[in-house]
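> how would this look folded up:
(2 chains)
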Amino acid sequence: MEKYRYVFDAKVKTQRPLEEIKQVYRYRYLILQLLRRDIVTRYKRSFLGVAWTMLNPLGTMIVLSIAFSQVFGIVERYPAYILSGLMAWNFFSQTTNASMVNLVWGGGLLKRIYMPRTAFAISAIGTGLVNLVLSLVPLVIVMLATGVRIRWTVVFLPLPILCLIMFSLGFGLILSAFAVYFPDVAEMYNIGITAWMYLTPIIYPVDILPDLARKLISTLNPMYSIVNLFRIPIYDGKIPTLPEILIPFSISLVFLIVGWWFFSNRSDEFAYRI
Amino acid sequence: MNKTQSIKLENVSVKYRVPNERIGTFKEYIIRSLQGKIFHEKFYALKDINLEVGEGEIFGLIGHNGAGKSTMLKLIARVLTPSEGRIEVCGSVSPLLELGAGFHPEMSGRENVYLNGALLGFSKKEMDEKYRRIVEFAGLEDFIEAPMRTYSSGMWARLGFAVATDTRPDILLVDEILAVGDEAFQKKCFDRINEFQKSGTTIFIVAHGMDIIQSMCQRVCWINQGNLMYIGDPETAIEKYRDGFRKDQ
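Numbering: from 1, shown residues only, chains lettered A, B, ... in the order given. Sure, this is the predicted structure:
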């Protein structure tokens, strides 16, 4: 049997980003186990367990619907609008936050044993994906209850989900790398993410924005086009047009590549810093 | 590297950059880097180390606290990468550094066995095959479905040892003396380690207790403040280490 050989030479420049992909493949079972741990332990002591994954966005939706439906005046379709937006948004905010927190405060696992450093971010994405799929259940129920038609266009849903995965992973990796060096980033991010949510049409309809604001948000905020692409097949019941797909797709891909490159080139230093 | 060596360090240095004052915030960092006021002190945890450990050898490492022993183990375990030099490690490494490092208190013993196995790089198939043996060795058949927060620290360490040593590794890293469970279990641990050694596992031990080093190791390396002072037979190494200790006082 061929023995695994680990060679590290400080003088030889290795392709860290490619090496990281290889290691992730080699440790794929670990990533699955970390994902499992996140899901199992999160609700282990609660009575309703995993049902909270579905109840949580539902509760937020009810609160927001009551609070804002009068303000925005679109009563019957509004709950489904909020819920679909929240699902995409929660995926992004939860996975990016989890990849940062797991890496920096993950019990110092990184300092004790070798593992691919991107494992935390990838398993956070996996956890988010499970939550996202589970929260499709309350969304369908709300749509049926409020008379929003579900059309066959939902088959396009994997596209925006793929964009969400790529964007969140890329952004989460950049964020985690910064959080290793500056623990303050975690606190700042909590505030930043709240502001960012209000700069994305999650709880308000796009048309209430003045032209200028809409233009600024749609060009500068990458989440705008991703959330938009998420709503098109399920909430609007339409087939997304090519630009509606390609813009968020290319933004997400760029973030993924840059994030992966940025993170894996620095990851050898993390054990010194955490 | 020829076939008989399993660990090889060539001119390895580990350099920590310690900022003169701790800069904790992003704002402070930006302001200071704009002012050009970030100074780092270089601190060598290990300096220009050359070391070769042969296959099947029992190799001991001694030195004061802070001499760089743990850093060296972490280099071999791949947790840290050196700032300078080259490392070559041949074969699978099982670090008995932190037994049960990845255990989660809310999960059952069974779930933790699989998680910890994955941390050591095993696949699901391998873990399915190993699972029974691990539980049996740890002697935890009756508690394996209970959450680990209900385990005593001895049970915790026993399970950690059992997972880490179920498959014979090519290299075993041992930090300090294994204070695992009661005497009977400790004997089981030592028997297993001896068995590994007979089958060709390289064993790298860091210890403070000189008795263990003297009775077990074939060669011993003494490091002091990051510098390699001596490599050779245990008696001389221990003698030199003790002399150095006296001079310091």
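> from now on I want contacts and neighbour counts done on CA atoms only, so please keep to that.
Fine.
> any idea how many residues pack against whichever residue of the stretch 51-200 of chain A sits closest to chain B?
Closest residue of the stretch 51-200 of chain A to chain B, C-alpha to the nearest C-alpha: residue A:114 (5.0 Å). Using other C-alpha atoms under 10 Å in any protein chain shown, residue A:114 is surrounded by 18 other residues.
> equivalent analysis for residue A:119, please.
23.
> which ones are touching it?
A:24, A:30-31 (C-alpha atoms under 8 Å, 6 or more residues apart in numbering or on different chains).
> residue A:52 too?
Applying C-alpha under 8 Å, 6+ apart, the residues contacting residue A:52 are residue A:43.
> so it is in which element?
Assigned by DSSP states H and E, residue A:52 belongs to helix A:51-72.
> kindly report the same for residue B:12.
Using DSSP H and E, residue B:12 falls in strand B:5-19.
> what strands line up against that strand, and which way round?
Partners of strand B:5-19 in the sheet, by DSSP bridges, are strand B:40-54 (antiparallel), strand B:84-90 (antiparallel).
> what's the following helix or strand after that strand?
helix B:26-35.
> and residue A:3, how far from chain B?
5 Å (C-alpha to the nearest C-alpha, to the nearest Å).
> can you tell me how far that residue is from residue B:109?
30 Å (C-alpha to C-alpha, to the nearest Å).
> now swap in residue B:9 and tell me
Taken as C-alpha to C-alpha, the span from residue B:9 to residue B:109 is 37 Å.
> more neighbours: those two, which one.
For residue B:9 and residue B:109, the more surrounded residue by other C-alpha under 10 Å is residue B:109, and the numbers stand at 27 against 23.
> can I get the CA coordinates of the helix holding residue A:52 in PDB?
Output of helix A:51-72 as PDB, limited to C-alpha atoms (Å, rounded to 0.1, in the frame of the first residue of the first chain):
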ATOM      1  CA  ALA A  51     -39.200  21.700  13.500                       C
ATOM      2  CA  TRP A  52     -37.700  25.000  14.600                       C
ATOM      3  CA  THR A  53     -36.000  25.200  11.300                       C
ATOM      4  CA  MET A  54     -39.400  25.600   9.700                       C
ATOM      5  CA  LEU A  55     -41.100  27.500  12.600                       C
ATOM      6  CA  ASN A  56     -38.400  30.100  12.800                       C
ATOM      7  CA  PRO A  57     -38.900  31.900   9.400                       C
ATOM      8  CA  LEU A  58     -42.600  31.300   9.700                       C
ATOM      9  CA  GLY A  59     -42.700  33.200  13.000                       C
ATOM     10  CA  THR A  60     -40.600  36.100  11.600                       C
ATOM     11  CA  MET A  61     -42.800  36.200   8.600                       C
ATOM     12  CA  ILE A  62     -46.000  36.500  10.700                       C
ATOM     13  CA  VAL A  63     -44.500  39.300  12.800                       C
ATOM     14  CA  LEU A  64     -43.300  41.200   9.800                       C
ATOM     15  CA  SER A  65     -46.500  40.700   7.800                       C
ATOM     16  CA  ILE A  66     -48.600  42.100  10.700                       C
ATOM     17  CA  ALA A  67     -46.200  45.000  11.200                       C
ATOM     18  CA  PHE A  68     -45.700  46.000   7.500                       C
ATOM     19  CA  SER A  69     -48.700  44.800   5.500                       C
ATOM     20  CA  GLN A  70     -50.600  48.000   6.300                       C
ATOM     21  CA  VAL A  71     -47.600  50.200   5.500                       C
ATOM     22  CA  PHE A  72     -46.900  48.700   2.100                       C
END
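> quick check: angle from whichever helix or strand comes after it to helix A:51-72?
Where DSSP H and E defines the elements, the next helix or strand beyond helix A:51-72 is helix A:78-105. Using axes from the mean of the first three to the mean of the last three C-alpha atoms, to 10 degrees, the direction of helix A:78-105 lies 130 degrees away from that of helix A:51-72.
> could you see whether chain B lies near helix A:78-105?
No: judged by C-alpha under 8 Å from any C-alpha of the partner chain, helix A:78-105 and chain B are separated, with a smallest distance of 12.6 Å.
> what mean pLDDT does that helix get?
Taken as a whole, helix A:78-105 has a mean pLDDT of 92.
> what's the first helix or strand after that helix?
Downstream of helix A:78-105 (by DSSP H and E), the next one is helix A:109-112.
> all strands for chain B, in order.
B:5-19, B:40-54, B:58-62, B:84-90, B:93-96, B:171-175, B:202-206, B:219-224, B:227-232 (DSSP state E).
> any chance of these in JSON lines, plus mean pLDDT?
Converted to JSON lines, the strands of chain B look like this (pLDDT from 0 to 100):
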{"stretch": "strand B:5-19", "mean pLDDT": "86"}
{"stretch": "strand B:40-54", "mean pLDDT": "88"}
{"stretch": "strand B:58-62", "mean pLDDT": "92"}
{"stretch": "strand B:84-90", "mean pLDDT": "93"}
{"stretch": "strand B:93-96", "mean pLDDT": "85"}
{"stretch": "strand B:171-175", "mean pLDDT": "88"}
{"stretch": "strand B:202-206", "mean pLDDT": "91"}
{"stretch": "strand B:219-224", "mean pLDDT": "92"}
{"stretch": "strand B:227-232", "mean pLDDT": "92"}
